[in-house]
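1. quick one, structure for this:
(one chain, ligands or ions: 1)
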Amino acid sequence: MTDRGLGITVTEHLLREQRETPYATGAFTQLLNELIVAAKIIHRQVSKAGLVDIFGSTGSENVYGEEIQKLDEFANRTIIRRVIHTGHIAAIASEEDADIIEVPHQYPTGPYILLIDPLDGSSNIDVNANIGTIFSIRRRIKESGPVTLDEILRKGSEQIAAGYFIYGSSTMLVYTTGKGVHGFTLNPALGEFLLSHRNIKIPKRGKIYSVNEGNYYYWSEPIRRYVDSLKEKDPAKGKPYTSRYIGTLVGDFHRNLLKGGIFMYPADTKDPKKPRGKLRLLFEAAPLAMIVEQAGGAASDGHRRILDIEPETLHDRVPLFIGSSEDVSELERFLNDGGSS
Ligand code: P6P
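-> Alright, predicted model coming up:
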């Protein structure tokens, strides 16, 4: 069956994928639909954040010592409330919660574990810049009983689906179930996510690099040499590259996914709080790594494929280099071969 291109709703697309998946029970489709409802509710709050008292901080902090913004908390609660009663999940893990969120006994459970970064880029909420929601879906290892940490601390290659919602000039859903990457744009008049980017493929090499250059002196020497090399004139490699940095991972990742380029959050050699960088393996790096590889790109911690890394704790951080495959490979050569371009 061929796509009818623009105009196909995400629900139609999900049902088609479900029909093409042997033994699909529809549970995954229903779970993704609940995430879509949650995103529409979050979109509504984000789009009026400037008008109601939803800005600002709650005065409390998350496990990373970061101030929890009111929209963060709202997004976290909204997603949990929408999916916790569906009967398709065994547990939820959220970047905003220290421990695994169990399904209350009064609700049925299912085979999936949902991991969420409910509102990525919350520091940008107050300035109306892109923010997003990242999700990852895994199948539990055990048949029944409470989900244990060892069922979650597993390689990203075991994810069965990953995606994000980006709240910006328009609200989009980008997701993969391992059969390519597809983008859907919310038509606010219809309240429907419509297929707008079928089978996204990231260019093999880009001309954009995204990194917080304010941390330059905290990077290792090879990383500094790599970023410096992007600024030198080398027309054969389309250099100098353009620097683009929103400060919201979903926003920077999404632009580079469509246009090509590399996003970097290196380890901080001088901040004991960020020896492995700032970004979270389970809630940010692994889901985006699944998406970028499905789109033909690459994601690495500088030495290892992100999807091969086994977490030690629920909130592990990891250095992240993600985007066009040739750009990530060049970065790795600087790190591993002493900086040859
Ligand atoms: P910095 C947002 O707080 C976030 O977690 C990611 O969305 C973003 O890529 C990164 O932090 C930005 O961090 O240190 O550059 O402000």
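2. stretch 285-302 and the ligand in contact?
-> No: figure legend: stretch 285-302 not in contact with the ligand (C-beta under 6 Å from any ligand atom); closest approach 10.4 Å. For every residue, glycine as well, the C-beta is placed using N, CA and C.
3. flag every residue of the stretch 151-300 of the chain that's near the ligand.
-> Going by C-beta under 6 Å from any ligand atom, the residues of the stretch 151-300 of the chain near the ligand are Asn212, Gly247, Thr248, Leu249, Lys278.
4. can we see that at 8 Å?
-> With C-beta under 8 Å from any ligand atom as the criterion, the stretch 151-300 of the chain meets the ligand at residues 212, 214-215, 245-252, 263, 265, 278-280, 284.
5. give me the PyMOL select line for those residues, limited to the buried ones.
-> Buried members of those, defined by 16 or more other C-beta atoms under 10 Å, are picked up in PyMOL with:
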select buried, resi 215+245+246+248+249+250+251+252+263+265+278+279+280+284
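6. now do the strands in the stretch 151-300 of the chain.
-> Secondary structure of the stretch 151-300 of the chain (DSSP state E, counting those that start in this stretch): strands at 161-167, 171-176, 181-187, 192-197, 208-210, 242-243, 262-265, 298-300.
7. now do the stretch 1-150 of the chain
-> Here the stretch 1-150 of the chain has its strands, by DSSP E, counting those that start in this stretch, at 57-61, 67-69, 89-94, 101-102, 112-120, 131-139.
8. confidence-wise, which of those is weakest overall?
-> In terms of mean pLDDT, the lowest-scoring of those is strand 67-69 (a mean of 62).
9. which residues does the longest helix along the chain contact?
-> The longest helix of the chain (DSSP state H) is helix 27-47. Residues outside helix 27-47 that contact it (C-beta atoms under 8 Å, 6 or more residues apart in numbering): 10-11, 14-15, 17-18, 54, 71, 74-75, 78-79, 81-83, 86, 88-89, 110-112, 114, 119, 125, 131, 133, 135, 137, 160-161, 163, 165, 167, 171, 173, 175, 177, 186, 191, 193.
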